[in-house]
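Asker: Quick one, structure for this:
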Amino acid sequence: MEIDKKTIKKLIDALEDLKKSLNKSGMQMDVSEPESTSENNDDKNYNSVKSPIIGTAYLAPEPGAKPFVEVGKKIKKGDTVMIVEAMKTMNHVPSTHSGIVKKVSVEDGQPVEYDQILILVE
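Answerer: Sure thing, here's the model as predicted:
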């Protein structure tokens, strides 16, 4: 595939014009940093349990079963809070803190990243 330099130049010029028009209208266009969606200011007051691996999070030991944790439930350090499946291996995620569950940050069957917040504990 051959790159048409004239087309690329037109696209760059169009982006520059867009930036200028946004700045004139008072809107700021900052593409350098994405918005943080993992934590908000209220979440900083709680302890977090994070995913130790990349995989798929499951909130219960099997489909239709009672979830390991729910908001308002008291847990102890070491209790299983969910399972993260990676490469057909079910990895139990233990709580790193004792307390009351304030927020479950993932849904059942949701893919999770390494170090992603799974639950918040008070």
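Asker: surely H97 meets N47?
Answerer: Yes - with contact defined as CB atoms under 8 Å, H97 reaches N47; the gap is 4.1 Å. Quick note: C-beta positions are derived from backbone N, CA and C, even for glycine.
Asker: Who has more neighbours out of those two?
Answerer: Under the criterion of other CB atoms under 10 Å, the comparison of H97 against N47 puts H97 first, with 17 against 14.
Asker: What are the phi and psi values at the more buried one?
Answerer: Main-chain torsions, H97, degrees, to the nearest 10: phi -140, psi 150.
Asker: Identify the residues contacting it.
Answerer: Neighbour list for H97: 47, 49, 77, 121 [criterion: CB atoms under 8 Å, 6 or more residues apart in numbering].
Asker: So what does the third one have for phi and psi?
Answerer: Its backbone dihedrals place K77 at phi -60, psi 130, with angles given as degrees, to the nearest 10.
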